[in-house]
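[1] Following is a predicted model, sequence given first.
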Amino acid sequence: MHQVIAIVGCGATGTSLFLQIVRALVRSGTSRVKVYLFDGSGLFGPGLAYRCPKTLLMNSPCSMVNALPEDDMENCDFLQWIKLRPEVWTPEFSDHAYVYGLQSESFAPRRLVGLYLADLVQRHIEMAAAAGIEVVKVAQPVTRVSPDGDSRVTCRVHCPDGFSVAARHVAFCVGNLGPNAGYAHLSKCERFLPTVYVEDERIQAIPPGSRVLILGASLSAIDAVILLKGRGVHLTLASRRGLLPAVKAGIPWRVEYKHMATEPLRQWLTPKVTVPELHKTIDAELAEINGPAEGSVRNLFDRPIATYRDARSMLEHDIGRAGGKWEDIQYAFIGQVDTFFRAFSLEERARFKEFYGRSIHRYTSSFPLEVAVKLRAMMDAGELRLRRLCSGVDIDGDAFRAELADGPAEAVDETFEYVIDASGPSKAYRFDCPLLAQMDAEGLMDFNEDNSVPIDVATFEFPTRLGAHCYAAGATTNGNFFYTNFLPVGTAHAQKAAKTIVSNIVAAASVTLSETETFSTGTAAPRKASSPGGVPPELRRKNSDCNKPTFHAEVEKVAITVGRAD
């Protein structure tokens, strides 16, 4: 009997998880495994973010564009793939010299990365088949998960057309959620575009001379600007803060920390540490690096925001500083954020977000220097402006109306012919992810107090009452980590989840199942609340102990090491 893995969502994170599962299974010599890949788009690999027009660039340099960890590339490095697999990308990219010329510090077209991911999926399906591992691609979304009859070790994964499969391992890689529901009332107007990435034809159909309001000022909003550049439309970016992301020039240099090196931080941090205590540590570190006069966390992130009140001046400042020492320090700091974020209590996490969130997200969501130069030119030409959104957006006859302000100036009413929602996805996974909302409504899982999925950050498994092992990776883990919308983050999550999944599979294959445990949906003893995969009410994990490991019984019985072949 095969053990079944269901990967729900096959965008970048789901793809990375699939690749790493296949490679680990092959190395361990484990077969008799069946993997189902579910993706409602029917495009396995690119996901929403990487099937966009060729004009949109990555926001991370090529050195960070890899679907596998650094120690497990084996001809799957992105830049190496470009040279080894030209037959995959040359039909879509006629400028071969440009693609071949991409370097570690370059920002590649996002569509090229989508082709890379799709090709890796197909090659690993072939690798799996050669090892006796069956892979099934299901071009449908998963709309429901449920207990699998009386089985204590599987659950059932359902699709809209009635297709379902019993799986022992279910990985949720659903990516970013849909647009924020705050603008849903605008959807009755055909000139409202609810998202940037799947509306390319409608975006291109906007006539010259139109006044277009783009809701948001972060990466998705900048993508919308680039898609409309040169089309003769008048663009306004509008967000609550009226700030663009920071500008980055390429690969930041490493900064050697003294006070904030990873190991000293781990020894010092406990759930009792407070944000003010962290401020002191950060300021001490910055004083070591840059001198007492500059050594302040406020100077590190907030000084540009406080100094430059208009968007054009602040953009000029960021362009001039890109690639300099401060950029290195800021990105090195961001690399340590999750080390202390995960150690905080939920209350301190909220304080941390309140104090640092506005500033740090400018850098975690930074965009390439070459794109910033284009935006500056558009501002200078009168094609683009940035405003603060001071109210909601309403439909007023044949137009849209909003109150906007230029920096600290008073708000004024303005009207627009078109509105594009690039305000970013919802982050309330408990309520806005249909699958998790269904599991919540049916009492199949508990959530943390902040409505995040209660994953074990060592294994990326989370407890349910489904019977099967359940895992989450990438954006689905939002709330457990400070920042998840980053390809290397998804790859790192997938690495831990894949190791856990394969260890659980090998362990289950090594242990004789008891008479009441069965892979089928046939007769079995009634499933108790404390059965594998379930959590008895008295032992449900509280938020204070979310990081405690939760292993299934059969994993505890056998020590498993899945090594890498030489």
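    Perfect, I can see it now.

[2] rest of the way, CA atoms for contacts and neighbours
    Fine.

[3] give me the low-pLDDT residue ranges for the stretch 51-200 of the chain?
    177-181, 198-200 (pLDDT under 70).

[4] now the helices: where do they sit in it?
    78-84, 86-89, 96-100, 110-130, 200-204 (DSSP state H, counting those that start in this stretch).

[5] any idea how far Leu386 is from the most centrally placed residue in the chain?
    What sits nearest the mean C-alpha location of the chain, by CA atoms, centre = their mean, is Asn485, with 3.0 Å. Applying CA to CA, to the nearest Å, the value for Asn485 to Leu386 is 24 Å.

[6] In contact with the residue nearest to the centre of the chain, which residues?
    474-475 (CA atoms under 8 Å, 6 or more residues apart in numbering).

[7] do Thr143 as well
    158-160, 434-435.

[8] For Gly443, grab phi and psi.
    phi 70, psi 30 (degrees, to the nearest 10).

[9] what are the ranges of the strands in the stretch 1-150 of the chain?
    3-8, 33-38, 134-138, 144-147 (DSSP state E, counting those that start in this stretch).

[10] So which bits of the longest helix along the chain are buried?
    Longest helix in the chain, counting residues (DSSP state H): helix 487-510. Using 16 or more other CA atoms under 10 Å as the test for burial, helix 487-510 gives 487-508.

[11] What about Glu347, how many residues nearby?
    12 (other CA atoms under 10 Å).

[12] which stretch of helix or strand covers it?
    Using DSSP states H and E, Glu347 sits within helix 346-364.

[13] mean confidence score for the lengthiest strand in the chain?
    The single longest strand within the chain, with elements called by DSSP state E, is strand 384-396. If you average the pLDDT over strand 384-396, you get 92.

[14] Sketch out the low-pLDDT regions of the stretch 251-400 of the chain for me.
    251-255, 259, 261-262, 264-266, 271, 289-309, 324-335, 358.

[15] Okay, helices next: where are they in it?
    Counting by DSSP H, counting those that start in this stretch, the helices of the stretch 251-400 of the chain are 262-268, 275-290, 297, 303-307, 311-321, 325-341, 346-364, 369-380.

[16] do you know which of these lies nearest Asp456?
    helix 325-341 (14.4 Å; CA to CA).

[17] since we're on the closest residue to Val337 other than its chain neighbours, how many residues are nearby?
    Of all residues not flanking Val337 in the chain, Phe482 sits nearest, at 7.0 Å (CA to CA, 6 or more residues apart in numbering). Neighbour count for Phe482, taken as other CA under 10 Å: 22.

[18] pLDDT score assigned to Phe482?
    80.

[19] just checking, it touches Phe341?
    Yes - between Phe482 and Phe341 there is a contact under CA atoms under 8 Å: 6.5 Å.

[20] contacting residues around the residue nearest to Val337?
    337-338, 341.

[21] gap between it and Ser218?
    Counting by CA to CA, the gap from Phe482 to Ser218 is 17 Å.

[22] ok, now Arg351?
    From Arg351 to Ser218 the distance is 23 Å (CA to CA).

[23] And the two? Which one has more around it.
    Ser218 (24 against 16).

[24] what does the model give the more buried one for pLDDT?
    Predicted confidence (pLDDT) for Ser218: 89.

[25] same question, the one 5 residues further on
    We note a pLDDT of 92 for Asp223 in this prediction.

[26] wait, it sits on Leu56?
    Yes - using CA under 8 Å, Asp223 is in contact with Leu56, at 6.4 Å.

[27] my read: Met58 touches Ala108, true?
    Yes - counting by CA under 8 Å, Met58 touches Ala108, with 5.6 Å between them.

[28] Name the residue in those two with the higher neighbour count.
    Each of Met58 and Ala108 had its neighbours counted (other CA under 10 Å), and the higher figure belongs to Ala108 (24 against 19).

[29] ok, the more buried one - contacts?
    57-58, 61-62, 99, 102 are the contacts of Ala108 under CA under 8 Å, 6+ apart.

[30] before we move on, back to that, helices and strands around the longest helix of the chain, which ones?
    helix 12-28, helix 553-557 (3 or more CA pairs under 8 Å, 6 or more residues apart in numbering; DSSP states H and E).

[31] I'd like to know which of those helices is closest to Asn451.
    That would be helix 12-28 among the helices and strands packed on helix 487-510, by CA to CA, at 21.3 Å.

[32] same question for that closest one, mean pLDDT?
    96.

[33] Give the other helices and strands that it contacts.
    Helices and strands touching helix 12-28, by 3+ CA pairs under 8 Å, 6+ apart, are strand 3-8, helix 110-130, helix 487-510.

[34] Put the alpha carbons of it into PDB.
    Extracted in PDB, the C-alpha atoms of helix 12-28 (Å, rounded to 0.1, in the frame of the first residue of the first chain):
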ATOM      1  CA  ALA A  12       7.000  28.600  -5.500                       C
ATOM      2  CA  THR A  13       6.800  27.200  -2.000                       C
ATOM      3  CA  GLY A  14       4.800  24.100  -2.900                       C
ATOM      4  CA  THR A  15       7.200  23.500  -5.800                       C
ATOM      5  CA  SER A  16      10.200  23.700  -3.500                       C
ATOM      6  CA  LEU A  17       8.600  21.300  -1.000                       C
ATOM      7  CA  PHE A  18       7.800  18.800  -3.800                       C
ATOM      8  CA  LEU A  19      11.400  19.000  -5.200                       C
ATOM      9  CA  GLN A  20      12.900  18.400  -1.800                       C
ATOM     10  CA  ILE A  21      10.500  15.500  -0.900                       C
ATOM     11  CA  VAL A  22      11.400  13.700  -4.100                       C
ATOM     12  CA  ARG A  23      15.100  14.200  -3.700                       C
ATOM     13  CA  ALA A  24      15.000  13.000   0.000                       C
ATOM     14  CA  LEU A  25      12.800   9.900  -0.900                       C
ATOM     15  CA  VAL A  26      15.200   9.000  -3.800                       C
ATOM     16  CA  ARG A  27      18.200   9.300  -1.500                       C
ATOM     17  CA  SER A  28      16.600   7.200   1.200                       C
END
